[in-house]
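1. here are the coordinates; sequence isn't available:
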Ligand SMILES: Nc1nc2c(ncn2[C@@H]2O[C@H](COP(=O)(O)OP(=O)(O)OP(=O)(O)O)[C@@H](O)[C@H]2O)c(=O)[nH]1
Ligand SMILES: [Mg+2]
């Protein structure tokens, strides 16, 4: 049997990784195997670390979105075959769009190796509601609407937090919660059955406008091994550091789109995340893990504002940690203009299908 490749798109923080992990455990219950491919503009990803910690085999496409790194994606898909998966999830960068023309249609050439599921785009209901307001950020709204337009299936996430959501104008809209599991099995059934017609069209999109929208975001990826002076639990290490970063970003008027961090020690891991300034962080992992001297810490920030300010804030907050850093690596930048390796035009669709 060929594995089914399930692309799960949607804006930053919509819930892509959480859904992939929830679907992975649902597949396990069914006796099926899966793998996941994560994607980012840089390396040191919280998502990859989390997926690995939860025992899902993973691959990464870094230094550009799937569209700009299509050959790397193809190589990663092939590498995943070693795990004999029934399903390979692929999570594009949350600021990325035009995936149908630059990734999904080009991948149809590999239909002898994979089945391609209908393209799911996730929507956070709170984000959708905020974007309906007149004062919504124009760049985020642009990316969000383009992502919606190319979805085969739209899933409104986080139904445990908010049952209502605005009219999205998409033909196939479902609702689910990866946190409670509500709707996850039904979503899997729907995408794996492949009954929804997948990828009939490609987007009309102005690449200059697209580049401008992505470049409004500041991006920061940090990873280090932290050797604490005294043993500390990953939760106690992460909590105050994470809160400090949130407070300082807010003070400097940087608008958090997704702030996430993970501290993994030999005794267990803790992950914290928030999709807006001053929110109550979503915490997962082992808050009761025993104190440890060594922690792998990874921090990813996507925010509206200046990357340099963001880097200075993180440097400042790192000073508050009592210990020593090894293998420290920080990347902070604005995403570069997307330059797809391949783009299928509307008039070429019939030929590639
Ligand atoms: N309450 C609730 N929170 C959720 C649900 N799904 C995701 N979240 C939270 O939403 C935040 C973002 O989830 P992710 O899965 O990391 O989102 P993502 O789309 O992968 O984000 P990026 O990779 O940054 O684009 C995290 O704090 C999750 O815990 C859900 O169903 N219910
Ligand atoms: Mg993710």
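-> Sure thing, it's come through. Remember, predicted model here, so these are calculated numbers, not experimental data. Ligands and ions are numbered 1, 2, ... in the order given.
2. for residue 174, give me phi and psi.
-> phi -120, psi 170 (degrees, to the nearest 10).
3. count of neighbours near the residue nearest to it when sequence neighbours are not counted?
-> In this structure, residue 174 finds its nearest non-sequential neighbour in residue 155, 5.0 Å apart by C-beta to C-beta, 6 or more residues apart in numbering. Any C-beta I mention is one placed from the backbone N, CA and C, and that applies to glycine too. Residue 155: 26 surrounding residues under other C-beta atoms under 10 Å.
4. show me what contacts residue 155?
-> 19, 120, 121, 122, 123, 173, 174, 175, 176, 183, 187 (C-beta atoms under 8 Å, 6 or more residues apart in numbering).
5. secondary structure class for the residue of the stretch 101-250 of the chain found nearest ligand 1?
-> Nearest residue of the stretch 101-250 of the chain to ligand 1: residue 179, at 3.3 Å (C-beta to the nearest ligand atom). When classified by DSSP: H, G, I helix; E, B strand; the rest coil, residue 179 comes out as coil.
6. give me the pLDDT for it.
-> On pLDDT, residue 179 comes in at 97.
7. so it sits right up against residue 160, yeah?
-> Yes - shown here, residue 179 and residue 160 form a contact pair, counting by C-beta atoms under 8 Å, at 5.2 Å.
8. the two: which is more packed in?
-> Each of residue 179 and residue 160 has its neighbours counted (other C-beta under 10 Å); residue 179 has more, 18 against 13.
9. list phi and psi for that one.
-> phi -70, psi -50.
10. so residue 278 sits against residue 246, correct?
-> Yes - if you go by C-beta under 8 Å, residue 278 and residue 246 touch, sitting 6.6 Å apart.
11. who's more crowded, these two?
-> residue 246 (21 against 11).
12. how close does that one get to residue 252?
-> As judged by C-beta to C-beta, to the nearest Å, residue 246 and residue 252 stand 11 Å apart.
13. same question for residue 292.
-> On the measure of C-beta to C-beta, residue 292 and residue 252 end up 32 Å apart.
14. okay, those two: which has more neighbours?
-> Using other C-beta under 10 Å as the criterion, residue 292 and residue 252 rank with residue 292 on top: 19 against 14.
15. for the more buried one, which non-adjacent residue is closest in space?
-> residue 265 (3.7 Å).
16. near the closest residue to residue 100 other than its chain neighbours, how many residues? Count them for me, please.
-> Among residues not flanking residue 100 along the chain, residue 150 sits closest, at 4.6 Å (C-beta to C-beta, 6+ apart). Look at residue 150: counted by other C-beta under 10 Å, it has 20 neighbours.
17. per-residue pLDDT, residue 150?
-> 95.
18. that one and residue 203 touch, don't they?
-> Yes - counting by C-beta under 8 Å, residue 203 is a contact partner of residue 150 at 5.1 Å.
19. return every residue with contacts to both of those two.
-> 97, 98, 100.
20. beta partners for the closest residue to ligand 2 within the stretch 51-200 of the chain?
-> Using C-beta to the ion, the single residue of the stretch 51-200 of the chain nearest to ligand 2 is residue 91, 5.5 Å away. With DSSP bridges applied, residue 91 shows beta-bridge pairing to residue 38.
21. kindly report the same for residue 285.
-> Going by DSSP bridges, residue 285 forms beta bridges with residue 270.
22. distance of it from ligand 1?
-> 11 Å (C-beta to the nearest ligand atom, to the nearest Å).
23. wait, that residue sits on residue 269?
-> Yes - using C-beta under 8 Å, residue 285 makes contact with residue 269 at a distance of 4.7 Å.
24. returning to what we had before: which of the shared contacts of residue 150 and residue 203 has the largest number of neighbours?
-> Comparing the shared contacts of residue 150 and residue 203 by number of neighbours (other C-beta under 10 Å), residue 97 comes first, having 29 neighbours.
25. please tell me I have it right and it contacts residue 148.
-> No - Residue 97 is beyond contact range of residue 148, at 9.2 Å (criterion: C-beta under 8 Å).
26. smallest gap between this protein and ligand 1, at which residue?
-> For the chain, C-beta to the nearest ligand atom, closest residue to ligand 1: residue 94, 2.8 Å.
27. go ahead and confirm that residue touches residue 275.
-> No - with contact defined as C-beta under 8 Å, residue 94 does not reach residue 275; the gap is 10.4 Å.
28. intersection of neighbour lists for those two?
-> Any residue near both residue 94 and residue 275 by C-beta under 8 Å, 6+ apart counts here, and that gives 12, 13, 258.
29. now do the contacts for the first one.
-> The neighbourhood of residue 12, defined by C-beta under 8 Å, 6+ apart, consists of 94, 95, 257, 258, 275, 302.
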